[in-house]
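**Student:** take a look and give me a structure for this.
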Amino acid sequence: MPRNRTAAPTASSPGTEPVRIHIPIPLRWGDLDAYNHVNNVQMMRILEEARVRAFWAPEVGEPAPTAVLRATAGSDTVTMIAGHLVEYVAPVEYHRDALDVQLWISAVGGASADIAYEVFSGGTLVVRAESTMVFIDAATQRPRRIADDERVAWEPYVGEPVVFKRDAKLRARGQ
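**Tutor:** Sure, this is the predicted structure:
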């Protein structure tokens, strides 16, 4: 998977909120659709790119990101995505400034974690999303339990799940 080597991700300041990992993702002219905004399929690619940069160890010569998992090719753990929820809040038109993809962990299960995202374009929220990532033992190809030391290392990054518009509507109706 291609990786942008020019911009290093950074972590936000800890406080009452989880530490968010900020990943700058530049737009490509080819990300646009016929309506002159970033295509929804390309937005999934942008989320993937941010997730990979946040969770994988840097390659030789890359700035060290604030990585949560630090997986590497050939490691004994493989990660797979079990599902995505995506809400497009506003269209994203092409511009030269990188998108600010913010990630945090919104839930940790036995062998999976939910990754929350908010994507900002020019300071405006344009996408909120959540992905369920499953941890797989590379040798057995079966889900593996998340170790206690991993849970401890991830604690600063754990926060509330993304609140999607439909969830807010359901809560307002008392469902």
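**Student:** in the chain, which helix is the longest?
**Tutor:** Using DSSP state H, we find that the single longest helix of the chain is helix 40-55.
**Student:** just checking, residue 40 touches residue 92?
**Tutor:** No: applying C-beta atoms under 8 Å as the test, residue 40 and residue 92 come out as separate, 10.2 Å apart. (Each C-beta comes from the backbone N, C-alpha and C, glycine too.)
**Student:** which of these two has more residues huddled nearby?
**Tutor:** Remark: of residue 40 and residue 92, residue 92 carries more neighbours, 24 against 11, as counted by other C-beta atoms under 10 Å.
**Student:** could you report the pLDDT at residue 8?
**Tutor:** Here, the pLDDT recorded for residue 8 equals 45.
**Student:** which residues touch the spatially most central residue of the chain?
**Tutor:** What sits nearest the mean C-alpha location of the chain, by C-alpha atoms, centre = their mean, is residue 51, with 4.1 Å. By C-beta atoms under 8 Å, 6 or more residues apart in numbering, residue 51 lies in contact with 103, 115, 117, 131, 133.
**Student:** mind listing the helices for the protein?
**Tutor:** In the chain, helices defined by DSSP H lie at 40-55, 148-154, 165-172, listed in chain order.
**Student:** for residue 19, find the nearest of these.
**Tutor:** Of all the helices of the chain, helix 148-154 sits nearest to residue 19, with 10.1 Å by C-beta to C-beta.
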